[in-house]
Each structure stands twice: as C-alpha cells, then as structure tokens.
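Undergrad: when you get a sec, could you give me coordinates for this:
(one chain, ligands or ions: 1)
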Amino acid sequence: MKRINLDHAATTSLDPSVLQEMSKAFALPGNPSALHNSGREARAMLERARSKVAALLDVLPGEVYFTSGGTESDNWALRCIARDDGQQIAVSAIEHHAVLHTAEWLKKQGVPIAILPVQPGGTVDFSLLKETLAGNVAMVSVMTANNETGVIQPVEEIGLLCHEKGILFHTDAVQAVGALQAKALCAHADLVSLSGHKFYGPKGIGVLVIRRHVKLTRFMHGGAQERGLRAGTENIPGAVGFAAAFALAESLREAETERIAKLRDRFESQLFAALPGLRRNGEGARLPGHSNLCFPVRDGRALLMRLDMAGIDASAGSACASGSTEPSHVLLAMGLSREEAQASLRFSLGRGTTEDDIDEAALRIIRVVQSM
Ligand code: PLP
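TA: Numbers count the residues shown, from 1 in each chain. As a prediction, the model looks like this:
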C-alpha cells in the first residue's frame, strides 16, 4: 500500500538540489571566524547565503540573522526585545507554542503579557487588538499564517496599526514561505521568524530578520558571531541549504500554489460530498495546502490512528504538540468545543502531492470515517 503524505506542514523532505548545494559547504574545512584562507572561504560562503536570503526578502544582509530554527527565532524576538518596565508584549491566542510558551515564561518573570483573541474564522479580532494597542505595549506578535488552519492573518494592517503607535511588530512567517510572496514577508514587520525545514530545506536552521532600527539584546553569549548577538560557530551547510531552498520555493511559488490549492479544493469537495456533518475549520484566505477539518466522529485520535493504518499521514494540531492529548489551543481559541477540536484533523499537501494521491486519500478517509 502506497503511503500518502498529507503532513507537509509538520516538515518537508530535503530537495535533492538543496542537498547538492549543501554538500559543497560540508566539504569546506574552515571556521568562518578564522583569519586564514580556509576561514575566509567559509565566511564568504556564509555571507553569500545571507545575501541571497536578504535579496529574496528585500532586506539588508545585515538584517538577516541565522538561528537554529523557527523556535529559536521566536524565542529570541520575544525574550530579547528592549522594553521599559511595565510595557506589555501582546501575542495572538493562536500562535505556535514557540511564541505562546515563551510568552508564558516571560509572564512568570514579571513581564505583562496580553493574549489577543481571534474570531471564529481564525483571524485576530481587530477591535480587541485596537483596545490592547491603546495601552502601554512594546511589541505585538501575530503569525503570518497559522500552522494548523492555514488561515492568513492581516499582517499588513496589523503592522501599520502597530507602527502608527510606535509599537514593534513581530511575525512568525514559518509556514508562509513558498505560499506568500517572499518580498512581502518583511514589508510590514520589524522582526520576522523563518524555518528551513518547512520549505524543503534542512532541519535545524532558521532566520530571524531584525530590521536595522530594532534593538534586540544578545541571545547567546560567547563569541562574536552574528554581529555579536548570537554566539556559536555558524551552521554553514544549513545556511547554504536555507538560501537554496528559499530561492527554489520562491521560483516555484506561483505555479505550485495554484496547483496545490486546486488539489486541496478537490480533496475537500470529495470529502464534503461523502461525509455529512463534516466541517471546515478556518475561513477566508488560507495557505494553499492546508485543510483543517472537523469530522463527525467522537475521537479524532482514533481517526488519526486508523488513517495511519490506512497509509495516510495527517496530524492533530501542530507536530510539536502531537504527543499531547489536549485539544488544539488554536481551535479552542476559535470557539470550537473540546469535543469538536478533538474530532479535527489537519491535512497538508505539498510539492510531491499528485491528483492520484488526493483521490486515493479521499477514498481511504471516507472509508475509515464511515466505518467508525
Ligand atoms: N512557528 C510555526 C508557525 C511553526 O509551524 C513551527 C513548526 O512547526 C515553528 C514555529 C517551529 O519551527 P522549528 O521547527 O524550526 O523550530
């Protein structure tokens, strides 16, 4: 039985052309901090990767900081922002745990945290956001697109609103690369988090874009790497892979988003036609490959396991939370009951997904749900 991967939002496999680029970096012996020839070669390769990422994002190379992934970028943005005593950090209720758990930790350290509610469709509630912004807020963090529902947030409007009030805006754009235009990702934000493994690049490499005017304190103490803010010998193969995968994702973006959205819509219409009581979670603009569905079953966990046995990879909530039996915090924030959230699964299509995969997956899912 052919396995069908409908869990691309959790991670993607390394593109072979990216691996090829990375192998050149693995072959380099030098440490980029060394002053000899091998060191200079390694530094040049790292800086070429940084410039490539900066050009794609339409920011300066000096604004691109390599990290170990989306989680680290989110931690850095929230933990190291310069703020006065008593100033709040506001985060949306549907952020990834990399943001939410960091905010919870900050709260324990005495930093006032505001949680921004979302509407039933999954976008941030604007009137409540405006109320929060009337207070003493240092930074707002709202993700570009949600990892569970794929719902795209109005980050342009949020960024403009924050900037009118002199408030910094951080956005976690980890899920958006390859779906939304690269140049738009940093257009209205002061800080932007990205992660290589979500767009067919390597795992363990990410970027935090820190615009020039933003003051972030040092995140890792040690050497002078990443302009003295994030110490540690740089992951050059990772940076090279990140840049190569990002360039490839951007070059394929228009064709792939159209192809994948059509497949996703075909998948959903087959399921809706066969399963009365099925509901979609999330309204409005969505990432092309995401489909978050509430099934007419009692136990989503059992459904997920039965689908696994039927050769389908899907997910309940985010990959990082999938060990937990708690219903998704994202769906609860959108107003679903615990039962509805627990009966919901995320399917996410990707570059390798074909029409045959979609038709076969829909058939298997319908059969499993009808047998429950
Ligand atoms: N932010 C979002 C929206 C994500 O989807 C993820 C990963 O699932 C992360 C952050 C964490 O990224 P990483 O796995 O690179 O640490």
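
Undergrad: if I pick Thr132, what's in contact with it?
TA: Applying C-beta atoms under 8 Å, 6 or more residues apart in numbering to Thr132 gives the contacts 88, 90, 114, 116, 140. Just so you know, the C-beta spots here come from the backbone N, C-alpha and C atoms, and that holds for glycine as well.

Undergrad: how about the secondary structure of it?
TA: When classified by DSSP: H, G, I helix; E, B strand; the rest coil, Thr132 comes out as helix.

Undergrad: circling back to that earlier point, tell me which of the contacts of Thr132 fall in helices.
TA: Under the assignment DSSP state H, these contribute nothing to helices.

Undergrad: tell me which two of these sit farthest apart.
TA: Farthest-apart pair in those is Gln88 and Leu116; separation 10.9 Å (C-beta to C-beta).

Undergrad: tell me the one of the contacts of Thr132 nearest Ile366?
TA: Leu116 (37.4 Å).

Undergrad: in the sheet, who's paired with that closest one?
TA: Ser92 (DSSP bridges).

Undergrad: what about it, distance to Ala273?
TA: The gap separating Leu116 from Ala273 is 37 Å, by C-beta to C-beta, to the nearest Å.

Undergrad: and these two? which has more neighbours close in?
TA: Leu116 (23 against 11; other C-beta atoms under 10 Å).

Undergrad: just the pLDDT for that one.
TA: We have a pLDDT of 97 for Leu116.

Undergrad: before we move on, what about Cys186?
TA: 96.

Undergrad: show me what contacts the residue positioned nearest the centre of the chain?
TA: Nearest to the mean C-alpha position of the chain, counting by C-alpha atoms, centre = their mean, stands Val174 at 2.5 Å. The contact partners of Val174, taken as C-beta under 8 Å, 6+ apart, are 70, 96, 143, 147, 193-195, 198, 206.

Undergrad: now swap in His188 and tell me
TA: Here His188 is in contact with 155-156, 158-160, 163, 169 (C-beta under 8 Å, 6+ apart).

Undergrad: now with 7 Å?
TA: 155-156, 159-160, 169 (C-beta atoms under 7 Å, 6 or more residues apart in numbering).

Undergrad: likewise Asn281?
TA: Applying C-beta under 7 Å, 6+ apart, the residues near Asn281 are 149, 292-294, 331, 334, 336, 344.
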